[in-house]
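Visitor: Show me how the following folds:
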Amino acid sequence: MNSSPLLYFPRMRTFFALIIGAVLSAKPDWWDDELDTLPDILNLDKPLPLSVEPRVWNEVTLFPDATLISTELFSVRPVIPDPFLAHMSVMQSLDDLNYRNFTPKIFDMSLHEPTPLGNYSLGPLIGRTKNSVDFDIQGEPDLFIRYMHDWPRGISVHPLLRDLWYFRGAASSAVVPSVLYISPSTEFPGSRGSIKTSFSLTDAENFLARVFGASVRFAVIEKSGVRLRDFVSRQPRGRLDFWLAMQLGKSLINMLRLLHSTDIVHGNISLDTIHITPVESVGFKMLLVNFSQACHVGVFAHPVENEPIHSRSMMKNYTKSDDVFGAVQVVAQLVQDVKAYEAAPKERLLNGTLAAWIFSENIFGDSRERLPPQVRNNLDKILSLARNISNTPHYVEIYDLFHSLVQLTAQPSRKRSRHTP
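Guide: Predicted structure coming up:
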């Protein structure tokens, strides 16, 4: 990649030298030790040092909810500390080599993208953030194309790759969107790019991303529907009927059972990472997205203790039991006012009662007290099973309890409705 011409001006060279000098003089004590591990990790002929743990400075959330997702501020870690990601990285490197003629065409005004699967023509812009730009694909109503950059880079995996590698790892579960193609990378274009790279970045951010070597990839992905949060907000009362929430809970538990059979843990089950779409004659189809906090707990797993924590209060691998508890929390949100429900954990976090609420109190809110005794008893049993610390979550028992709740609370006409998910 060519350097920016501005770097050739003496004043600019001095400016960047001062910045680099300041960073190096302020580095943490463990910096040198961490970087000493990099040569071995970069050498694919040597085994990965699994004892090396990533060090992350962040705001650690204490509640597994979309409104309190951990915000990573800065990370210094081995290139690929996760053995599953290391394995996928090798596979991706081979794909990049084979498909090097299909890098993103972002330096011209073309609205086409050649791939090994054929040429895709971009349709309307459907989404744009600081990190990604999404387009419909002409003639492919069930697919979209996403362009994503990796700035600020750090020493980590391209964010598009990390998410989609877990999609591919969980493909056999049929609860994630299909990934048809991931392109090789090309250099970040800065202000020279086309609409394909019209990220919501400032001029300064565009400049820095280009100077510091950011890259761009695209992927062709199956559409996953709308966020469950948006689906709920469109309902007349801003919540779901109780029987429908229980039906969704039943489906979620089955989805997690299938996902976990691939030894992948999602790590962030919430109203924002569950997507839903109506399907005629079936009801609804749900998919899991955003695997940015996922981990592998099978043959690729780190040799660390897999202790369910439910609260993310410790830097440990998220587990299958945490996913199940997250699903039960989502169901609890569906039968209450979502905004009020999400405000409660923040208040409890401040007054120190959050852990007790998660582990022992009623999370279904005041609506539980208005329910028949048998319904309340089943909800209590679900909470007890979801809070149970077990290497194998109680999928079948929780599924059966949700099914029983559907039968107890659905009106006869709704039980036969084709819209039941």
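Visitor: how long is stretch 127-143 end to end?
Guide: From its first residue to its last, stretch 127-143 covers 14 Å (C-alpha to C-alpha, to the nearest Å).
Visitor: nope, stretch 215-234 is what I was after
Guide: End to end - C-alpha to C-alpha - stretch 215-234 spans 38 Å.
Visitor: Could I get the contacting residues of Asp134?
Guide: Counting by C-beta atoms under 8 Å, 6 or more residues apart in numbering, Asp134 touches 125-128, 144-147. No exception for glycine: its C-beta is placed from N, CA and C like everyone else's.
Visitor: Looking at those, which is nearest Gly238?
Guide: For those, the residue nearest Gly238 by C-beta to C-beta is Gly127; the value is 24.0 Å.
Visitor: Is the closest one within a helix or a strand, and which one?
Guide: In this assignment (DSSP states H and E), Gly127 forms part of strand 118-128.
Visitor: mind listing what's buried in that strand?
Guide: With burial defined by 16 or more other C-beta atoms under 10 Å, the residues of strand 118-128 counted as buried are 120, 122-123.
Visitor: same check, this time on stretch 393-400
Guide: So for stretch 393-400, counting by 16+ other C-beta under 10 Å, buried means 393-395, 398-400.
Visitor: hang on, the earlier thing: just curious, which of the contacts of Asp134 is nearest to Tyr341?
Guide: Tyr341 has its nearest neighbour among those in Gly127, at 26.6 Å by C-beta to C-beta.
Visitor: helix/strand/coil for the residue nearest to the closest one when sequence neighbours are not counted?
Guide: Nearest residue to Gly127, sequence neighbours excluded (C-beta to C-beta, 6 or more residues apart in numbering): Asp134, at 3.8 Å. Using DSSP: H, G, I helix; E, B strand; the rest coil, the secondary structure recorded for Asp134 is strand.
Visitor: May I see the buried residues of stretch 393-400 organised as CSV, with distance to Lys250 added?
Guide: Formatted as CSV, the buried residues of stretch 393-400 follow (distance: C-beta to C-beta, whole Å):
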residue, distance to Lys250
Pro393, 14
His394, 14
Tyr395, 11
Ile398, 9
Tyr399, 6
Asp400, 9
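Visitor: Looking at the buried residues of strand 118-128, which one is closest to Ala209?
Guide: Using C-beta to C-beta, Leu122 comes nearest to Ala209 of the buried residues of strand 118-128, at 22.0 Å.
Visitor: Quickly list what the closest one is bridged to.
Guide: Counting by DSSP bridges, Leu122 is bridged to Ile137.
Visitor: That one and Ser194 touch, don't they?
Guide: No. Counting by C-beta atoms under 8 Å, Leu122 sits too far from Ser194 to count as a contact (10.0 Å).
Visitor: domain ranges for this structure?
Guide: What the record gives for the chain is the domain set 81-223, 226-415, from automatic domain parsing.
Visitor: Can you flag the weakest of those domains by average pLDDT?
Guide: Ranked on mean pLDDT, the bottom entry among the domains of the chain is domain 226-415, at a mean of 80.
Visitor: isn't Thr115 right next to Val220, touching?
Guide: Yes. Using C-beta under 8 Å, Thr115 is in contact with Val220, at 6.7 Å.
Visitor: The two: which is more packed in?
Guide: Val220 (20 against 17; other C-beta atoms under 10 Å).
Visitor: hang on, that one is in a helix, isn't it?
Guide: No. Using three-state DSSP, the secondary structure at Val220 is strand, not a helix.
Visitor: separation between it and Phe212?
Guide: 28 Å (C-beta to C-beta, to the nearest Å).
Visitor: Also Asn290?
Guide: Taken as C-beta to C-beta, the span from Asn290 to Phe212 is 26 Å.
Visitor: cool, Phe242 as well?
Guide: 52 Å.
Visitor: Among the buried residues of stretch 393-400, which one sits closest to Arg257?
Guide: Tyr395 (4.2 Å).
Visitor: And the helices in this protein?
Guide: Along the chain, the segments classed as helices by DSSP state H run 10-25, 31-36, 38-42, 83-98, 159-169, 203-211, 228-233, 242-260, 320-334, 338-351, 354-360, 373-387, 395-409, 412-415.
Visitor: Buried residues in stretch 363-376, which are they?
Guide: Across stretch 363-376, burial judged by 16+ other C-beta under 10 Å covers 363-364, 368, 371, 375.
Visitor: er, stretch 140-148 actually
Guide: 140, 143-148.
Visitor: which one of these is nearest Leu161?
Guide: Comparing these against Leu161 with C-beta to C-beta places Met148 closest, at 9.1 Å.
Visitor: Tell me how many other residues surround the closest residue to Lys339 other than its chain neighbours.
Guide: Closest residue to Lys339 apart from its sequence neighbours, by C-beta to C-beta, 6+ apart: Gly238 at 8.0 Å. The local packing of Gly238 (other C-beta under 10 Å) involves 13 other residues.
Visitor: for Pro236, same thing?
Guide: Pro236: 5 neighbours (other C-beta under 10 Å).
Visitor: coming back round to it: check what contacts the strand holding Gly127 and list those residues.
Guide: 111-113, 133-140, 144-145, 195-196, 198-200, 220.
Visitor: of the residues you listed, buried ones?
Guide: 113, 133-137, 140, 144-145, 196, 199, 220.
Visitor: what's the most distant pair in the residues you listed?
Guide: Between any two of the buried ones among the contacts of strand 118-128, the greatest separation by C-beta to C-beta is 23.1 Å, found for Glu140 and Phe199.
Visitor: quick one on the thing from earlier: okay if I get the contacts of Asp134 as TSV plus distance to Val175?
Guide: Converted to TSV, the contacts of Asp134 look like this (distance: C-beta to C-beta, whole Å):
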residue	distance to Val175
Leu125	28
Ile126	23
Gly127	22
Arg128	27
Phe144	19
Ile145	22
Arg146	20
Tyr147	25
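Visitor: Which one of these is nearest to Thr277?
Guide: Phe144 (13.2 Å).
Visitor: Name all residues that make contact with the closest one.
Guide: 126, 134-137, 220-221, 223.
Visitor: Mind listing the residues bridging to it?
Guide: Asp136, Ile221.
Visitor: List the contacts of Ala294.
Guide: Ala294 touches 166, 264-268, 318, counting by C-beta under 8 Å, 6+ apart.
Visitor: change it to 7 Å
Guide: 166, 264-267 (C-beta atoms under 7 Å, 6 or more residues apart in numbering).
Visitor: now the buried residues of stretch 140-148 as JSON lines including distance to Asp380?
Guide: Below are these laid out as JSON lines (distance: C-beta to C-beta, whole Å):
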{"residue": "Glu140", "distance to Asp380": "47"}
{"residue": "Leu143", "distance to Asp380": "44"}
{"residue": "Phe144", "distance to Asp380": "42"}
{"residue": "Ile145", "distance to Asp380": "47"}
{"residue": "Arg146", "distance to Asp380": "43"}
{"residue": "Tyr147", "distance to Asp380": "48"}
{"residue": "Met148", "distance to Asp380": "44"}
